[in-house]
Every structure is written in C-alpha cells, then in structure tokens.
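Trainee: coords below, sequence missing:
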C-alpha cells in the first residue's frame, strides 16, 4: 500500500466502501477504473446480471459518481445559468436530469440535480467538473464543495426493487415517485437504525432507486439487501450489464455517445444537446444560461446531424458501425456509438449520429458490420431503421406505488 | 426595444473616450446621454487642485496619442482647447549632470548642443520606427477584424493589414517579425552604446505597462506608442492641463447635442430578453436606452454593471482573468520656486525629464514588483507644466507632475503605511538630480494604483484599463467574444481603453466604438 505522500500517479485506484463485498461476489475479479475508483465490470456473466436488472433486482455501486454540494443564496441562479433546463420549479425532494454546455453550446456533461433545500442542491455527474463550476460561479454567491468520497451510492434497479427495499425495512419507499428523493430509515432487528437518502432515479429505464449512504453504512446496507434478495435472484451487477440496460432505455453514456466539449481535441467532434436529441432539456425562455446564444443560433440553422435510435436487421450488434445512404455503402451518413442485442426487446439496437436528412422515424440507413467467425472476417451491410426512443419503456418505471412482485 | 426609449444611446462614463464616442453618435443623429459618476467630466484626463493654488493634470499629463485628425474633426480648438506647449522635447537626465536632449529626430548633448555619439544610430532607429508606424497606424483607426469568419469585412481588413506590412519590403518586414515579440532591452543593446539613451528609449517602451525592459513584448508596446503618437517625441501640454482637453471634448459633445450629466453613477445595466433596456443610477433612477456604450473598464462593465448571469461562463472567466492591475503611480508636488536640475537650464524645464539613467536601472526598479515591493530607485517621467503654463500655480511658484514606476497594486505593508515612505524615496531620488528640490516642496500628493482605481473608477488602476500585451491586443482585445466593441448582450458596447487600440489620451476607442454602434440600424 502506498502512502498518502506518494505522487498521484503512483496512488492505487480508490476503493469504494462496497469494494470488499464486491470482491466476495466477483467470480471474474474483473475490475475497471472509473473516475479514480476501481469498479466491477462483470461479476459472473453479463447475461445473468442483465436479467437480474430486467427480471428481478440488481445492485450497482455508483459511488464514483462525482457529487457536488452547491449552496448559498445564489445556488438556484447559479444552477439555472449553468444548465440548459429551468430549475426554478425544482422544489425540495425533487431531482432533475440536466445537461450543461460550453459557450459554444456544446455539451460538457450531463448529470442530476437534487434539490435538498431552499439554498442547497446536489449535483451528480460522471466526471469532475470543479473547474467549470468555479468558472460558472464567478459573480454568484455560491459555495461549491466536492463530496464524492463522503457519500456511498448504490443503485437498486429492477421490477422487484421496491419490494426488496420494503422487505429490507425502508418503510414508505413505495410512495416515492419518479424523480423524487427522500430521507428514509432502515430499521432491522439486531442492527442500529441507519438513515439514508433514496431517490427514485436510475440508469436502467426500469423501476429502480438509488441509495445515498454514509460510507460506514455501505456494507450493512449491502448485506441486508442481499440477505433478503439473493434467494430472490437479486445480485450485484457490473457496468457491462448496466450498459445493455441503458441502451435499451436510450440513455447516453459520456465518452461513448458524446465526448465532453471540455475534452475534445479535434474541431467538430463536440456535440450540442440539440444534436444529441436533448432539445427537450433546453429552455430558451428561462433567461440566460451558458451556451444559450449559440444554441439559439443552431436551432435557427437547424442541427446538421442528430442522435437517433436504430433497429438493425439481424442479431449482430452494430458496434462502431459506419452508416451509409444505401446498400452500396458508398456515401457515409453517420456512425453508431452504442450497440447491443436487446434480449428483452428481441431487437438489435443501436444509438447513432446521422445526418439531418436521416433523422426522422422511419428513415433507413445501412450499417456496415464486421463479423468474426472463428477468425474469418465477414463484412455485412445491413438495413437499419430509425425508430422511437426509448426502445424499452415499461409502465412499471413510472407507476406509484409500484406493483410488489 | 420599443420606440419609447428615452435615449438612443446612453454612454457610461464621461472620460475622453466616452465624450468622443458620444459626440460622433450625436453627430450621426442619435439622441445621446452621457452619465458621469464624478462631479465633473473628464475621467482620468482632468486638471484639479491638489494644494491651495496648485493645479495639475491628475492622471495623464502629456498629450501625444490623440490623432490630429480626430482633434480637427471634433473642432477642439474652436471648443476652447489651447496649447501651453506643442513640441515638448525629452531630456534624459544623468545624475552626473550631462543630460541628453531628444527632439524631433535629433539626439544632442544638452550642455554643448553637439550631436551625441549615438546620434546616427538614433536617427536610423527613428526612421525605422516611422516606417513601421506608417504601416501599423491605420490599424488603430480600425475595428479589429475577426478571424475565421469568412465575412468580407473581416477578410478585407486582414488583407489590407497584410499588404501594408508586406509593402515594408523584405528587410523591414524581416526586422519587424524579428523584433515584434521580443524585449526592448535586446534591441537597444544591438543598436546603441549610451546607457542614458537606452534608458530613455526603454522608458517609453514600458511606461504604463506591467513590464520591464527585459520583458518580451516591450518592442510591441513601443511600436504601439509610436504608431499611436506618430512619433514618441511629439508631446504636447494643453493650456490649463489635461482637463482643458476634456472640457473642449465636452463642449464639442454639447454642440453636437449630447446631454451630459455628472454625479450620475450607473449601478446596473438592465437586460430584457438578451438585449439592453436601460441603466439604473445610484439613487434608483432608471434611464431607458436602445444602446448602452460603456467607457468603464471591461471588468467593471461586464461583471459589475451587467453581471455574469447575462454572460456565458467561459467568457466570464476570460473577463475575470484580464490583467488589469496598474503599476504606474502619480506624484504631484507644489514647489515654491523652480528647482535647479543639474546641467539643465531653467528654460529647458518645459521639456519632459526622464529619470531612468539606464535600461538596467529600469529593470531593477521593475524587479521589486514581483515581490510586492517598490524600488529604492524608481523610474520617473517628470514634467514641470507650470513653466509653460503659469496658470497652474501661484505666481513664481511651480507644480511638478511625475509618473512613477513601478508601484505594485498590492504592496507589502499596505499603501497607507508605505505612501509616506515612498514619498521620501521619490524626493531623495529627485534630489539626486535637483538637490534643492526637497526644500522647495510645499505640498505633495502621491497616487498609488489603488488611489488611481478609486479616484478615476478604473478597476485595478491601469491606465490602459487592461494590460497592453500580445494576448490582450488588437484582435483579442479586451477578450475574444467582446472584440469589435460589442458585448455578447445585444445593444451593449464597450468604448473605453480596455478596447482596441487601448488607453492613454487617444480617443480612438471611443471613435471606433461609435462607428460600430452606428452600423446597427437606428
């Protein structure tokens, strides 16, 4: 173990408070870095974990999500100038999905804002943003504090997640509506009561919750959930199974479906929220926000390309496929950023950036897919249709109280 | 904005740039109101009493940057501008008492009147600067073009600049490219032998900047000064001090129909649907306007009057990071008689006196500022304006006005404690050249950068509002996103020294800004 004084590049990845438990469950010992933490890629098999998400419940450690505490008299004004969405109606106990842009209206990152109180918010995001948040704070009476390490986070997602949490002792959880959060107490015989924050949010497009805990409570909560859950097919899942679920739900993954405008090196590789199909998050009427003028100009011009959902013929995922205007594959019109075979939809799904002429539902493009058949490569050009997103949107994700499977 | 606007244009700040801008706008038929926070107009170009009976140009003290064409267009002489001296020469003072005299293209020993040893090299240097100046001067009258827009206006401006520079010919072009980004010290070492001359020429390159002679970019600041003044030695003293220039500007503005209000502090610029709508004054009054043109420094205008909530975060950060702290201070002395400078006849005291006996002397004075100190041997540009203009002091008595460098904005110990100490340092520095000077002092005033900030409402106290350096120059001045005198919010313009072509009593930022305002349909 290296000491605190070792330079940062010799420090090992951080361990989340769930790490020791995750090791016990991991058959593959497959850990990958995420925001400076070591996290699980696959525990047992991607398929088994995927079906836990869709057919039972899954536990996913999202502690590495970067969390900021934002408070002060200008907290709301600051956030409304930062993000494209109008947060003025976001009351305490509510959560909003937001994106924020640079001056040129190009996406820096997405995340969720939790309204904790009148002058206190929490921003959760995939990557560190302190530099941009501090630039955005010039002229605002606001205090920004990174609290990533102070809070352990566990996503409990799947059709039986509400039942599982109730069984684990989170009384009242069934009343929590989508995009709400609240304080709950987990009481179990023989254990100290633990208070934790729960939000009805997630990255699976399914019924699900996210638990925000004191790091010291991480292992007891994990133990309680798996005590109740493992006889009922509940299992911890890694990021690869989650990736299948989030593609079905049509959610974007940073560095996969877009590169943060703060990190792009090549001109023209950044993406605006309008291009990414996130126009519904952009509120031009709320007053000024960073990137507003550029986005307004882009809207008047019309975006040159847009992210769409594709239903690809066949069952081979169109990973990184180039897209063409016709079968002859002579004129490129876009490319795939995320692809998966969806076991639930029984469809071959992809998220792709295509030229403006091909964005309407029903348009056809042709995907170039390479298949490796025992080291013999084959090239296929297959039809792909632009379809509605999300690909998978069960009613249970919104129903309150949820059915207790 | 509806036709109910009280004014077409409200100009924030009644300094020279604000007045120039207002006059051009009014002449083009706009209804214009100038709002000045101080009790009188003039900004940092004013004359005021600092001791009973003694008046002085309180900030800028020599006029050399304002183009004659601009003064003619505004008919300043008809509006009351008169001259105490038109061709003020320069004396590079030497502690041993043998000063050099720099006048239009000549370099002589003051004592003998004979050409000084570096005379030929000096003339060659002057001729080179004149050729560069001819190529660069038109840039000052121009709105800086934007890069990469494809607009014909921008392309044309860039092309004509490139052509003018190309027309310098191979030798001069090569020299311009070679020295354009380097330090004045190296160039002076190549060309001259006399430390005194090198000190004098280095002083002009660093006056009013945050740089020493060995700082890169100081050739650029000298070129800027030369281009603006069309020759650094053409210095003038308006009769009655710099305030009479701005009074004439105010008269020209009034004659053009501009309404001028003093004691009117703008507190906020109000925005409605991403367009300026009005300004509010201290006391609560609101004045509606179609366009607001601010001659205040960019940070004050954009971050305080407008507010970052109307700006993008990246742009806001660029504005916040502008280097706006001045290093120049101002010394005013009331003297009961004319002091005797060693080797300088009394009749020569109408010239400006440079206390910078070598470039190294300046560099040493500069070194201290890195550590929040000032040097025990500061650099000074001294004038005794009462020699040419007796109206400034009681009969037989005199005022001395000096620009003092380098004074850090934040000094160790604080300026309250350091001001009296620095005054003693300055008096003993002067005494090395004029031994009787300290005993002639009846009153003294010393303005450090924070004093200049307070009195003239220039954030940071820099006379260019923002440092004139390559990264805050021409195409990118004050910051990308606010070049071409336009702020990102529609209807808001900048017209102060923070814009191209910068500060000093020049007025071109005001005139260029007016042209941009007028490009937008009334």
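Mentor: Structure received. Please read these numbers as outputs of a predicted model, since none were measured by experiment.
Trainee: Which residues of chain B lie near chain A?
Mentor: Contact residues, chain B versus chain A (CB under 8 Å from any CB of the partner chain): B:271, B:274, B:303, B:307-317, B:320, B:481, B:488. For every residue, glycine as well, the C-beta is placed using N, CA and C.
Trainee: Return the subset of those lying in helices.
Mentor: Within the residues of chain B next to chain A, residues falling in helices by DSSP state H are B:313-317, B:320.
Trainee: a markdown table for the residues you listed, including pLDDT?
Mentor: Formatted as a markdown table, these follow (pLDDT from 0 to 100):
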| residue | pLDDT |
| --- | --- |
| B:313 | 98 |
| B:314 | 97 |
| B:315 | 98 |
| B:316 | 98 |
| B:317 | 98 |
| B:320 | 97 |
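Trainee: quick check: domain ranges of chain A?
Mentor: A:8-63+A:151-248, A:66-149, A:304-387 (automatic domain parsing).
Trainee: okay, how far is it across the first one, tip to tip?
Mentor: Right, domain A:8-63+A:151-248. Domain A:8-63+A:151-248 stretches 37 Å from its first residue to its last (CA to CA, to the nearest Å).
Trainee: and residue A:247, which of the three is it?
Mentor: helix (DSSP: H, G, I helix; E, B strand; the rest coil).
Trainee: so it makes contact with residue A:341?
Mentor: No. If you go by CB atoms under 8 Å, residue A:247 and residue A:341 don't touch, sitting 9.9 Å apart.
Trainee: Give me the more crowded residue out of the two.
Mentor: Using other CB atoms under 10 Å in any protein chain shown as the criterion, residue A:247 and residue A:341 rank with residue A:247 on top: 29 against 17.
Trainee: Figure out how far the strand or helix carrying residue B:367 is from the centre of its chain.
Mentor: If you go by DSSP states H and E, residue B:367 is part of helix B:359-367. Taking CA atoms, centre = their mean, to the nearest Å, one finds helix B:359-367 lying 21 Å from the centre of the chain it belongs to.
Trainee: Tell me the helices and strands packed up against it.
Mentor: Helices and strands touching helix B:359-367, by 3 or more CB pairs under 8 Å, 6 or more residues apart in numbering or on different chains; DSSP states H and E, are helix B:184-191, helix B:195-206, strand B:379-383, strand B:398-405.
Trainee: who's in contact with it?
Mentor: B:184-185, B:188, B:195, B:198-199, B:202-203, B:206, B:211-215, B:356, B:374-375, B:377-379, B:405-406 (CB atoms under 8 Å, 6 or more residues apart in numbering or on different chains).
Trainee: what's the angle between that helix and strand B:379-383?
Mentor: 110 degrees (axes from the mean of the first three to the mean of the last three CA atoms, to 10 degrees).
Trainee: so how many other residues sit close to residue 294?
Mentor: Just so you know, I chose chain A. For residue A:294, the count of nearby residues is 17 (other CB under 10 Å).
Trainee: think we crossed wires, I meant chain B
Mentor: 30.
Trainee: For the nearest residue to residue B:318 once chain neighbours are set aside, grab phi and psi.
Mentor: What sits nearest to residue B:318 in space, not counting adjacent residues and going by CB to CB, 6 or more residues apart in numbering or on different chains, is residue B:479, at 4.2 Å. Residue B:479 adopts backbone torsions of phi -150, psi 150, taken as degrees, to the nearest 10.
Trainee: Tell me the residues of the stretch 201-350 of chain A that contact chain B?
Mentor: When proximity is defined by CB under 8 Å from any CB, the stretch 201-350 of chain A lies next to chain B at A:287-288, A:290-293.
Trainee: could I get those residues as a markdown table with secondary structure and pLDDT?
Mentor: Formatted as a markdown table, those follow (DSSP: H, G, I helix; E, B strand; the rest coil; pLDDT from 0 to 100):
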| residue | secondary structure | pLDDT |
| --- | --- | --- |
| A:287 | coil | 95 |
| A:288 | coil | 97 |
| A:290 | coil | 98 |
| A:291 | coil | 98 |
| A:292 | helix | 98 |
| A:293 | helix | 97 |
